[in-house]
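Q: below are the sequence and a predicted model for it; my questions follow.
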Amino acid sequence: MRDLLVTSNLYLYYRTMRGLVKAVDDISFSLHKGETLAIIGESGCGKSSLAKAILRLLPRNTGLYKGSIFLENEDIAKLEESEFRKKVLWKKIAIVPQASMNALNPVLKIVDQVIEPLTVDGEVTRDVAEKNAVELFKYIGIPVEFLHRYPFELSGGMRQRVCIAMALIANPSIVILDEPTSALDVLTQANIMNLLKQLKKERNLSYIFITHDIALSSELADNVGVMYAGKLVEVSPADEFFNEPKHPYAKLLLSSVPVIRKESKLSTIPGTPPSLINPPPGCRFHPRCPYAVEKCRKEEPPIINIGSSITIRCWLYG
């Protein structure tokens, strides 16, 4: 299957008073057309920073940003900023951000925000953009009259659907979902997930689904990537991952989630995540790993291939 998106040796560090925060540290992965890659891990491991690195939404305190991002065989990381925004952002890769109320401008009507990706370059007239927005709202189940309301007049679930509409208005091939159901009640969360599944099937969308909710990721994922302390430590097909994860961190992470269909003993991960300013030498998980050996404490594990579909950073498989 041809890769739609391939990242290679991607880095994103932030400057702080205490030093560089290594939020995205040498990450490589691929995404196929029509598939979902779920990125999971504890809070603060660099999941949202990975989304920013792909979309080049870089804050002012960026200390290091480098690597290759191939979209349909073109390295979009080499594009000029203006060209990237014109050719890629929203048109080929879009994002559904966290916290819809913070993502939407409270003093602008919904219609002005939804159509902006189409009209910002002047390539589409406002009338045509509004017609597209009306059709899209009907398709994803938002009353059309909500287009002329303000964000605070909508419920949390409807605001989240508006953010999804904004991501889809320019018909991208990849949508990054950054915690798309956070702060929503369980029923609304289920409705949003059903909508995302429908869109994936009918529009053949590819998703990068960023979440710390492992159970939720299993509903949408074709492949699962596990992040720890800025590193992607395992990428596996979802069926194999949820049956038998390989990396020790992934094993402990999965065993901390209650399972309904079979008896299993819940466990916790000892210790706390390391500082991304001064991460431990060797494998970054070794201070918390029950299988750590001397080599883990001194040498950083390389990317190791297991079969044709699993990649892992762990000396146990090296």
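A: It's in. Residues are numbered from 1 along each chain as shown.

Q: was I right about Val134 contacting Leu147?
A: Yes: shown here, Val134 and Leu147 form a contact pair, counting by CB atoms under 8 Å, at 7.0 Å. Heads up, the C-betas are built off the backbone N, CA and C, glycines and all.

Q: among the two, which residue is more densely surrounded?
A: The neighbour comparison of Val134 against Leu147 (other CB atoms under 10 Å) goes to Leu147, with 21 against 14.

Q: how about that one, secondary structure?
A: helix (DSSP: H, G, I helix; E, B strand; the rest coil).

Q: what helix or strand does the residue nearest to it when sequence neighbours are not counted sit in?
A: Spatial nearest neighbour of Leu147, chain neighbours left out: Val111 (4.1 Å); criterion: CB to CB, 6 or more residues apart in numbering. If you go by DSSP states H and E, Val111 is part of helix 110-114.

Q: give me the contacts around that helix.
A: Helix 110-114 is contacted by residues 104-105, 130, 133, 136, 146-151, 154, 162, 165-166, 169 when judged by CB atoms under 8 Å, 6 or more residues apart in numbering.

Q: among those residues, which ones are in helices?
A: Taking DSSP state H as the definition of helices, these contribute 130, 133, 136, 162, 165-166.

Q: C-terminal to the helix holding Val111, what's the next element?
A: Per DSSP H and E, the first helix or strand lying C-terminal to helix 110-114 is helix 116-119.

Q: and the strands in this structure, which stretches?
A: Under the criterion DSSP state E, the chain carries strands at the ranges 3-16, 19-32, 36-40, 62-71, 74-75, 93-96, 174-178, 206-210, 223-228, 231-237, 304-306, 310-312.

Q: show the average pLDDT along the last one.
A: Per-residue pLDDT values over strand 310-312 give a mean of 95.

Q: which strands border it, and is each parallel or antiparallel?
A: Using DSSP bridges, strand 310-312 pairs in its sheet with strand 231-237 (antiparallel), strand 304-306 (antiparallel).

Q: buried residues, it. List them.
A: By neighbour count with 16 or more other CB atoms under 10 Å, strand 310-312 contains the buried residues 310-312.

Q: which one of those is nearest to Asp3?
A: Nearest to Asp3 out of these is Thr311 (CB to CB; 13.7 Å).

Q: residues contacting the residue lying closest to that closest one once chain neighbours are set aside?
A: Distance criterion CB to CB, 6+ apart; nearest residue to Thr311, sequence neighbours excluded, is Val235 at 4.9 Å. Listed by CB under 8 Å, 6+ apart, the contact set of Val235 reads 29, 37, 223-226, 310-312.

Q: what residues are up against Ile93?
A: 5, 54-55, 71, 172-176.

Q: show the pLDDT at it.
A: pLDDT, Ile93: 97.

Q: so what sits opposite it in the bridge?
A: As for beta bridges, Ile93 partners with Leu89, Ile174 under DSSP bridges.

Q: so how far is Ile176 from it?
A: Distance, Ile93 to Ile176, using CB to CB, to the nearest Å: 7 Å.

Q: shared neighbours, those two?
A: In contact with both Ile93 and Ile176: 54-55, using CB under 8 Å, 6+ apart.

Q: by mean pLDDT, which helix or strand of this protein comes out lowest?
A: In the chain, the helix or strand scored least confidently by mean pLDDT, DSSP states H and E is helix 100-103, which has a mean of 83.

Q: rebuild the contacts of Val235 as a markdown table, extending it with distance to Leu205.
A: Output for the contacts of Val235, formatted as a markdown table (distance: CB to CB, whole Å):
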| residue | distance to Leu205 |
| --- | --- |
| Phe29 | 18 |
| Leu37 | 12 |
| Asn223 | 15 |
| Val224 | 18 |
| Gly225 | 18 |
| Val226 | 23 |
| Ile310 | 24 |
| Thr311 | 24 |
| Ile312 | 28 |
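
Q: of the residues you listed, which is the nearest to Lys262?
A: Val224 (19.5 Å).

Q: once you drop chain neighbours, what's closest to that closest one?
A: Phe241 (4.3 Å).

Q: show me the contacts for that neighbour.
A: By CB under 8 Å, 6+ apart, the contact list for Phe241 reads 223-224, 234, 250, 254.

Q: as TSV, those with pLDDT, neighbour count and distance to Cys45 would be great.
A: Shown next, in TSV, are the contacts of Phe241 (pLDDT from 0 to 100; neighbours: other CB atoms under 10 Å; distance: CB to CB, whole Å):
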residue	pLDDT	neighbour count	distance to Cys45
Asn223	97	22	18
Val224	97	26	14
Glu234	97	26	13
Ala250	95	25	12
Leu254	91	20	15
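
Q: ok, now how distant is the most centrally placed residue in the chain from Phe152?
A: By CA atoms, centre = their mean, the mean C-alpha position of the chain lies nearest to Ile210, the distance being 3.3 Å. From Ile210 across to Phe152, the span is 26 Å (CB to CB).
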